[in-house]
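Novice: got a sequence here, can you model it:
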Amino acid sequence: MKHFYLFVLALFLSIGFISAQNVCFSGRYKSRVFSSYIKYGDIKYAEVQQISPPYLDENLHMDVYMPDGDVLKNRPIVVFAHASAFLFNDKTCDVAKAYADTFTRRGYVFASLDYRMGFDPLDGTSSMRAAYAAIQDGKSAIRFIKEYADTFGIDTNNIIFAGSSAGGIMALYAAYADKESERPAESYAGLLSPDLGCWECSGNTYKHTSKIKAAISMWGAVLDVSMIDDPNAPPCMLIHGTADQIVPYGTGHPFQFPVFPESSGSLIIDQQATAIGLKHEFYPFEILGINHEFYGSANGNWLNLIGPNQYWDTVTTLFTQYTFKQIQPQTSVIAGAATVYQNNLQQTYTVDYHTGSSYCWTITGGSIISSNSNSVTVLWNTTGYGQLKVTEITDYMAEGNPQVLDVNIMQGTTTGINNLTENQTMSIYPNPANSLVQFNLNTNEHVSIKIYNAVGQEINTIHCQNQKTVLLDVSKFSSGTYTCKARLANGNLFATEKLIVQ
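Specialist: Predicted structure coming up:
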């Protein structure tokens, strides 16, 4: 453990656990905001038994990369398992180093793993035991990271496990394998081989689960997709070449060699995830002449000794964008009046509060007179249109997508919740709404009210005959802003109002 204690001392001196300054717009995680990184190599995370005779003890290590000069202490981490065929171990392979550079410069911590290797290519049982042991190693790496989260300066709620080929298999099993009944028979004791133990029973004894935030599998597979059975399990992204002959895209034997067990690749995993309602993204690639690691590598190292091919940027963009989506805050719709009147220009607006987040508000057509994190009180101008915008920033500096509310500032005065203003022909209450809304009309004539969505499609029509109020259920409407146009029986436009559905 000497190397690990030296790492702890160096890390403490380098970042000092300084609290980050609160800013509204950092660009962190979406773009390269750090100029360099620091690598802490060969940190031991597990003590295991080798999977081949004479079953000697073996130490497993990870390399941890961090943004140089970073001050945050609760950062998301990408854990990466390289391609290997479960035979060729190289946590410093070209792909791992390239992704370490990509993610640390965006503000993530990045860890590249060693894991157990070696099997008899002519023995299916041997290959199964190698894959199972590697999956155990991936899970023990996650437990180690959680145990030393304060030392690494990471948020244990934001662990993304990604892998290529054999590493993609490890990522999928990190997300979905947790039941004893899902253990392959080959992982138990045989005539001359020891029991490998349960999924979480190897490497270290830290009292954590190996639960992760999300999995990213590049050309990976599983033995049986039925283990993916929980729609609330971690989401995943699947990338796979449709002509892959090493790890099947659909159903088949790895390397097209029958001694290896039949496996289900990304196509079948996508079908299973869709069937159970599991959140996931699937990106198949039809590439002529390239079937595996199609961005230009073999077992994680560049084929041409110079760099990747033209598909690297495409895959890396998918990888970085999906990772960011997993850590990005999901800001609620702004709640508050979308139509205001001259005698009630001061209004309060809110969004749901998320622990640790800050909220940056901006306004057009008015001024913010007080702010309390997720709530603001504003004073709108006397007439015209206004706009309120809020951006949520987590305590680990991830920006949410801005929420925008357009506000119609009307002439006239408010006389009551269900009544019209003195100069108004139609009002809607409540607005915003998510269930029943009431349309109030300043006429007894027959009026048709057509509802249009944001792209101008008519989605509903209601009729008022000799009545000044009518109800509409909007509970099945998608969230957004709708235009409501009321016309008299002769076709003349009577009134237009905006309706916001939350």
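Novice: tell me, which strand in this protein spans the most residues?
Specialist: strand 37-49 (DSSP state E).
Novice: now do it: which elements does it pack against?
Specialist: helix 2-15, strand 57-67, helix 94-104, helix 124-147 (3 or more CB pairs under 8 Å, 6 or more residues apart in numbering; DSSP states H and E). For the C-beta atoms, the positions are set from N, CA and C on the backbone; glycine is no exception.
Novice: let's have the ones you listed in a markdown table, adding distance to residue 291, mean pLDDT and mean neighbour count.
Specialist: As requested, the helices and strands packed on strand 37-49 are arranged in a markdown table below (distance: least, CB to CB, whole Å; pLDDT from 0 to 100; neighbours: other CB atoms under 10 Å):
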| stretch | distance to residue 291 | mean pLDDT | mean neighbour count |
| --- | --- | --- | --- |
| helix 2-15 | 39 | 44 | 13 |
| strand 57-67 | 29 | 97 | 20 |
| helix 94-104 | 17 | 98 | 22 |
| helix 124-147 | 20 | 96 | 23 |
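Novice: now the ones you listed as JSON lines including distance to residue 251?
Specialist: Shown next, in JSON lines, are the helices and strands packed on strand 37-49 (distance: least, CB to CB, whole Å):
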{"stretch": "helix 2-15", "distance to residue 251": "42"}
{"stretch": "strand 57-67", "distance to residue 251": "32"}
{"stretch": "helix 94-104", "distance to residue 251": "27"}
{"stretch": "helix 124-147", "distance to residue 251": "16"}
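Novice: those: which one's closest to residue 222?
Specialist: Taking CB to CB, helix 124-147 is the member of those nearest to residue 222, at 10.2 Å.
Novice: what's the following helix or strand after that closest one?
Specialist: helix 149-152 (DSSP states H and E).
Novice: for that following helix, packing partners?
Specialist: Using 3+ CB pairs under 8 Å, 6+ apart, helix 149-152 sits against helix 2-15.
Novice: spatially nearest residue to residue 404, not counting backbone neighbours?
Specialist: The shortest distance from residue 404 to any non-neighbouring residue, by CB to CB, 6 or more residues apart in numbering, is to residue 389 (5.0 Å).
Novice: and for that neighbour, the neighbour number?
Specialist: The number of residues packed near residue 389 is 15, by other CB atoms under 10 Å.
Novice: so for the helix or strand where it lies, what gets flagged as buried?
Specialist: Here residue 389 sits within strand 384-393, counting by DSSP H and E. Residues of strand 384-393 classed as buried: 386, 388, 390-393 (neighbour count, 16 or more other CB atoms under 10 Å).
Novice: hey, where'd the strands end up in the stretch 151-300 of the chain?
Specialist: Counting by DSSP state E, counting those that start in this stretch, one finds strands in the stretch 151-300 of the chain at the ranges 154-164, 214-218, 236-241, 251-252, 263-264, 280-285, 297-298.
Novice: got the CA coordinates for the second one in CSV?
Specialist: What it means is strand 214-218. Output of strand 214-218 as CSV, limited to C-alpha atoms (Å, rounded to 0.1, in the frame of the first residue of the first chain):
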residue,chain,number,x,y,z
ALA,A,214,-24.5,4.6,-15.8
ALA,A,215,-22.7,2.2,-18.0
ILE,A,216,-21.2,2.8,-21.4
SER,A,217,-20.4,-0.3,-23.5
MET,A,218,-18.4,-0.1,-26.7
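Novice: which helices and strands sit right next to that strand?
Specialist: On a contact count with 3+ CB pairs under 8 Å, 6+ apart, strand 214-218 meets strand 154-164, helix 166-176, strand 236-241, helix 312-327.
Novice: in its sheet, what does it sit against?
Specialist: Using DSSP bridges, the strands paired with strand 214-218 in its sheet are strand 154-164 (parallel), strand 236-241 (parallel).
Novice: contacts for the first one?
Specialist: By CB atoms under 8 Å, 6 or more residues apart in numbering, the residues outside strand 154-164 that reach it are 74-83, 95, 99, 109, 138, 142, 145-146, 149, 169-171, 174-175, 208, 212-220, 293, 300, 319, 323, 326-327, 396.
Novice: returning to that earlier point: could you redo the buried residues of strand 384-393 as CSV and give each row pLDDT and distance to residue 183?
Specialist: CSV is the format used below for the buried residues of strand 384-393 (pLDDT from 0 to 100; distance: CB to CB, whole Å):
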residue, pLDDT, distance to residue 183
386, 92, 61
388, 96, 54
390, 96, 48
391, 95, 46
392, 95, 42
393, 95, 43
